[in-house]
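Enquirer: Pasted the sequence and its predicted model underneath.
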Amino acid sequence: MDALWALLAAPLVDYGFMRHALAVVVVVGITSSVLSCLLVVRRQALMGDAISHSVLLGVVLGWMLGRHAGIFWGALASGILSGIAITYVERNSRVKLDAAMGVFFTFAFALGLAFISVVRPTGIDLFHVLFGNVLGVGREELALTALCGALVLGTLGVFYRGFHLWSFDEQMARAAGVPTGLLHYLFTALLSATIVASLQAVGLILVIAMLVTPGATAYLLSNRLGSMMAIAAAVGLLGSVGGLYGSYHLDVASGPAMVIAVSVFFAAAFLFAPQQGVLARARARRGQRRASLDEDVLRAVVTLDWEFGKRVDARLLSERLATSPRSVRGALRRLRARGLLLPGKERLHSTPKGVEAAAPLVRRHRVIESYLYQVEGYGMADLHAAAEAREHDIDPETIEYMQGRLDDAAFDPHGHRIPHGDGDLRPVSAAPLAELGAGVAGRISMLDDDRSDILLDLAERGLLPKVPLRVVRRSEGSIRVSVGGRETVLSPEQARRVYVTPMSVAPAG
Amino acid sequence: MRLDEGFRFDRLRVSYGGRRVLDDTSGCFRAGRLSAIVGPNGAGKSTLVKAMLGLIPIDRGVVSLFGHPVRRHRHRIAYVSQRSDIDWSYPATVAEVVGMGRYPLGRLWRRTNFRDRERVADALRSVSLCGYEDRAIGALSGGQQQRVFLARAIAQEAAVVVLDEPFAAVDAVTESLLWKVLREMAQSERLVIVVHHDLAALRQRFDDVAILSGRMIACGSVESAFTERNIAIAYRRTPREADEGAPRRAGQGGR
């Protein structure tokens, strides 16, 4: 408790300048942070940079005209005028905003420095103007700062809707009669007032950080402008108060300490933000990759094992899905843990729950294949790969739409049945052509889609689902069939991938 | 307000970045009609729309809406710019963006009230985005984003709805939904203008068409204006060649 007292309260009790400094820092931290949100979402973060540099000229001119009392008004006027000048240059030439700002603020800054070098104003400490002197804040300056802060936040609150629309869709706002030009200049004025109010606390150069960093930090943490402003205000407040105490206890210049403190907040958000952070993004990407792989594996196991009664093991899956055996083993582990696959090392089987879970996946894959084939005119051989590339990003709504446009929504182009409702995925009984004897006639029911080269070859020779076919002759290593009135010879490799529903048995011949 | 006056523009000349994009362009869009603006790339389609809405300055010409200067009816204009013009990483939720359609209807310091919320919910329902209220707009698909903007236009209860290329890169579901909503809007006596790039089925989809190519080639009902000849003038030749080669304003008689 004593330690906390010594850390936080003692400086305030002991030194009046610390009390003033704390008050100023709170006002500046909150005000500049809220404004920084609008700058960040409008992608004009450097507008704060430009106006604050230009303010130096106003500080010098104001001092020349009215000594200390003139500094405030000179600074405010120069801020607003430079904002107007930058907008004017941008609107009336080919020069884009960033270049207009760059040209203008360096000029105003240089002019300010030149005046200082000639006039040598005794009341202006250049170092303090640029980098702040929060410990030198008097009662009067505190009042001025507080007034500025209240005005800025109050105006933002009143015209929130206008600024919201202006910052998101200026064209729509203008078309609907929202006075965007007025809002633009009002915003410039608010920005100038904030910079002037921050002059004592952080100085012209470091206020730039206060006008960008809290907003950028909150941008990573929020999906709403309102909550973004609240988060930015908290970051600005904690950063500047923390920086002030840091500077007191560690004897560091206060302006830099505050900027460093808010930058630490940004770094933390950059790394750890729950959605936008680097770590969360990496985790989300990995999660997505895994979910896709799990779907692919489950669909493969259920179609091959349950539907077609084939032997499936991890090695086959790794080949078919072109994925490393390690990833496949991971997917199998996850699917077993979810109760979708039966335990067991070698041959893989799905559980009833697994079949149920796979049905929509099978349906999705086959609807996409059918759509690509029937509507978009894809070739037979490219279907499987194209469907695999798309299926994980398509929403159910689109699948329904695709299905509505199919001429034949019962079977996919390979002859595989498209399941519709629950429990609709059933084992298929069809004999591979390789197992049929000579003289057997039937209709091709389906084709395996695991090898696109073989599929293409078969399709070119007229071996497609629903086509009648007759086995003419069998020999060791080849099978001769008659299809579409022509005879063609298939290798066992090919014959294994053609399934036939026999119709009648004719005498061999 | 005289609805029958529609959105008129007369002898518009518009330059953009020092280059003259539109010249001597006259025409009219009518309330209760679904109108398309078509023309080749660089024909000045978006420019015409922006000039009519007062988003860019015009060098010459007159624009009027319902018989008055456009200024008078501004809050009744809903403009949906090209999706690529919007920063979709902007921190906003679906409900917020649709709610923005309510902003121009009152003073800027007005607070959101019950009626606003009701209108937003209705608008989301009519574009099938119920349940998406709190999604970030950046997380939506292109088609869904377009539907959010359409919902914003609905929530605005505008008399004039102008959409710039709403069909660019949207999914099939969104496309059919867009047609349905636009048709409904036209049927409820709104003035609907769509900048469009696809000539296919134009005759079935739209009531009126303006064919542009640096100037007005033809403007009027699709039956009279959307002719082989006008299309040829607009698309097969550069505007300059068309100026010299074709009879001037070939399609104007169609109105």
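Expert: That came in fine, so what should we check first?
Enquirer: contacts and neighbour counts: CA atoms only from here.
Expert: Noted.
Enquirer: hang on, B:R13 is in a helix, isn't it?
Expert: No - according to DSSP: H, G, I helix; E, B strand; the rest coil, B:R13 belongs to no helix; its state is strand.
Enquirer: Can you tell me how far it is from chain A?
Expert: Separation of B:R13 from chain A (C-alpha to the nearest C-alpha, to the nearest Å): 19 Å.
Enquirer: OK, contacts around that residue?
Expert: Residues in contact with B:R13 (C-alpha atoms under 8 Å, 6 or more residues apart in numbering or on different chains) are B:R20, B:V21, B:L22, B:D23, B:D24, B:T25, B:I58, B:D59, B:R60, B:G61.
Enquirer: Distance from the chain centre to stretch A:283-302, please.
Expert: Offset of stretch A:283-302 from its chain centre (C-alpha atoms, centre = their mean, to the nearest Å): 20 Å.
Enquirer: Which residue is the nearest non-sequential neighbour of residue 97?
Expert: By default, I'm working from chain A. Spatial nearest neighbour of A:L97, excluding adjacent residues (C-alpha to C-alpha, 6 or more residues apart in numbering or on different chains): A:E90 at 5.4 Å.
Enquirer: Switch to chain B, please.
Expert: Distance criterion C-alpha to C-alpha, 6+ apart; nearest residue to B:V97, sequence neighbours excluded, is B:R152 at 6.7 Å.
Enquirer: From A:A110, how far out is that neighbour?
Expert: Distance of B:R152 to A:A110, given as C-alpha to C-alpha, to the nearest Å: 47 Å.
Enquirer: Compare these two and say which is more crowded by neighbours.
Expert: B:R152 (28 against 16; other C-alpha atoms under 10 Å in any protein chain shown).
Enquirer: May I have the residues that are in contact with the more buried one?
Expert: B:V97, B:V98, B:G99, B:M100, B:G101, B:V120, B:A123.
Enquirer: Where helices are concerned, which of these count?
Expert: Within the contacts of B:R152, residues falling in helices by DSSP state H are B:V97, B:V98, B:G99, B:M100, B:V120, B:A123.
Enquirer: between those, which is nearest chain A?
Expert: B:M100 (6.6 Å; C-alpha to the nearest C-alpha).
Enquirer: Tell me how many other residues crowd A:R496.
Expert: The number of residues packed near A:R496 is 16, by other C-alpha under 10 Å.
Enquirer: and if you look at A:V13?
Expert: Around A:V13 there are 11 residues (other C-alpha under 10 Å).
Enquirer: which element is the residue lying closest to it once chain neighbours are set aside on?
Expert: Leaving aside its sequence neighbours, A:V13 sits nearest to A:R19 (C-alpha to C-alpha, 6+ apart; 7.9 Å). In the assignment (DSSP states H and E), A:R19 maps to helix A:16-41.
Enquirer: list the contacts for the residue of the stretch 151-255 of chain B found nearest chain A?
Expert: Here the residue of the stretch 151-255 of chain B nearest chain A is B:V173; by C-alpha to the nearest C-alpha that distance is 6.7 Å. With contact taken as C-alpha under 8 Å, 6+ apart, B:V173 is in contact with A:E397, A:T398, A:Y401.
Enquirer: Need phi/psi at the residue nearest to A:L97.
Expert: Backbone dihedrals for A:E90, given as degrees, to the nearest 10, come out at phi -70, psi -40.
Enquirer: and if you look at B:F7?
Expert: B:F7 adopts backbone torsions of phi -110, psi 100, taken as degrees, to the nearest 10.
Enquirer: What count of nearby residues applies to A:I444?
Expert: Using other C-alpha under 10 Å, A:I444 has 26 neighbouring residues.
Enquirer: Now the helix or strand containing the residue nearest to B:V97 - C-alpha only, PDB.
Expert: Under the criterion of DSSP H and E, B:R152 resides in helix B:142-155. Only the C-alpha atoms of helix B:142-155 are listed here, as PDB (Å, rounded to 0.1, in the frame of the first residue of the first chain):
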ATOM      1  CA  GLY B 142     -19.000  -9.000 -52.000                       C
ATOM      2  CA  GLY B 143     -22.600  -9.800 -52.700                       C
ATOM      3  CA  GLN B 144     -23.600  -9.400 -49.000                       C
ATOM      4  CA  GLN B 145     -21.800  -6.000 -49.000                       C
ATOM      5  CA  GLN B 146     -23.900  -4.900 -51.900                       C
ATOM      6  CA  ARG B 147     -27.000  -6.100 -50.200                       C
ATOM      7  CA  VAL B 148     -26.100  -4.000 -47.100                       C
ATOM      8  CA  PHE B 149     -25.900  -0.900 -49.300                       C
ATOM      9  CA  LEU B 150     -29.200  -1.800 -50.900                       C
ATOM     10  CA  ALA B 151     -30.700  -2.100 -47.400                       C
ATOM     11  CA  ARG B 152     -29.200   1.300 -46.500                       C
ATOM     12  CA  ALA B 153     -31.000   2.800 -49.600                       C
ATOM     13  CA  ILE B 154     -34.200   1.100 -48.500                       C
ATOM     14  CA  ALA B 155     -33.900   2.400 -45.000                       C
END
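Enquirer: Just the mean pLDDT for it, thanks.
Expert: Helix B:142-155 shows a mean pLDDT of 94.
Enquirer: could you point out which element follows that helix?
Expert: Next along from helix B:142-155, by DSSP H and E: strand B:160-164.
Enquirer: what is the orientation angle of that next one with helix B:142-155?
Expert: Per axes from the mean of the first three to the mean of the last three C-alpha atoms, to 10 degrees, the angle that strand B:160-164 makes with helix B:142-155 is 160 degrees.
Enquirer: Partner strands of strand B:160-164 and their direction?
Expert: Note on strand B:160-164: by DSSP bridges, its sheet partners are strand B:77-80 (parallel), strand B:191-195 (parallel).
Enquirer: Give the rounded mean pLDDT of the following helix or strand past it.
Expert: Per DSSP H and E, the first helix or strand lying C-terminal to strand B:160-164 is helix B:172-187. For helix B:172-187, mean pLDDT is 92.
Enquirer: between helix B:172-187 and strand B:191-195, how many degrees?
Expert: 140 degrees.
Enquirer: Test for you: state the pLDDT assigned to A:P11.
Expert: The model's pLDDT for A:P11 equals 80.
Enquirer: ignore the last one, A:A506
Expert: pLDDT recorded at A:A506 is 49.
Enquirer: residues in contact with the helix or strand containing B:E118?
Expert: Using DSSP H and E, B:E118 falls within helix B:114-126. For helix B:114-126, contacts defined as C-alpha under 8 Å, 6+ apart pick out B:A95, B:V98, B:G99, B:R102, B:C130, B:V148, B:A151, B:R152, B:I154, B:A155, B:V181.
Enquirer: and that helix, which residues are buried?
Expert: B:D116, B:R117, B:R119, B:V120, B:A121, B:D122, B:A123, B:L124, B:S126 (16 or more other C-alpha atoms under 10 Å in any protein chain shown).
Enquirer: Can you tell me, leaving aside adjacent residues, what's nearest to A:D453?
Expert: A:D453 sits nearest to A:A381 (C-alpha to C-alpha, 6+ apart), 6.8 Å away.
Enquirer: Surely the one you found and A:S452 touch.
Expert: Yes - the pair A:A381 / A:S452 is scored as a contact, 4.8 Å apart, by C-alpha atoms under 8 Å.
Enquirer: ok, those two, which is more surrounded?
Expert: Taking other C-alpha under 10 Å, A:A381 and A:S452 do not tie; A:A381 has more neighbours (20 against 16).
Enquirer: Return the per-residue confidence for residue 116.
Expert: Reading this off chain A. Looking at A:I116, its pLDDT reads 88.
Enquirer: that's the wrong chain, I wanted chain B
Expert: If you check B:D116, the pLDDT there is 91.
Enquirer: Name the helix or strand for the residue of the stretch 251-400 of chain A found nearest chain B, please.
Expert: Nearest residue of the stretch 251-400 of chain A to chain B: A:T398, at 6.7 Å (C-alpha to the nearest C-alpha). According to DSSP H and E, A:T398 maps onto helix A:396-404.
Enquirer: got the contact list for that helix?
Expert: Helix A:396-404 is contacted from outside by A:R364, A:V367, A:I368, A:Y371, A:A409, B:A172, B:V173, using C-alpha under 8 Å, 6+ apart.
Enquirer: okay if I get these as CSV plus distance to B:R33?
Expert: As requested, the contacts of helix A:396-404 are exported to CSV (distance: C-alpha to C-alpha, whole Å):
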residue, distance to B:R33
A:R364, 40
A:V367, 38
A:I368, 37
A:Y371, 35
A:A409, 38
B:A172, 24
B:V173, 23
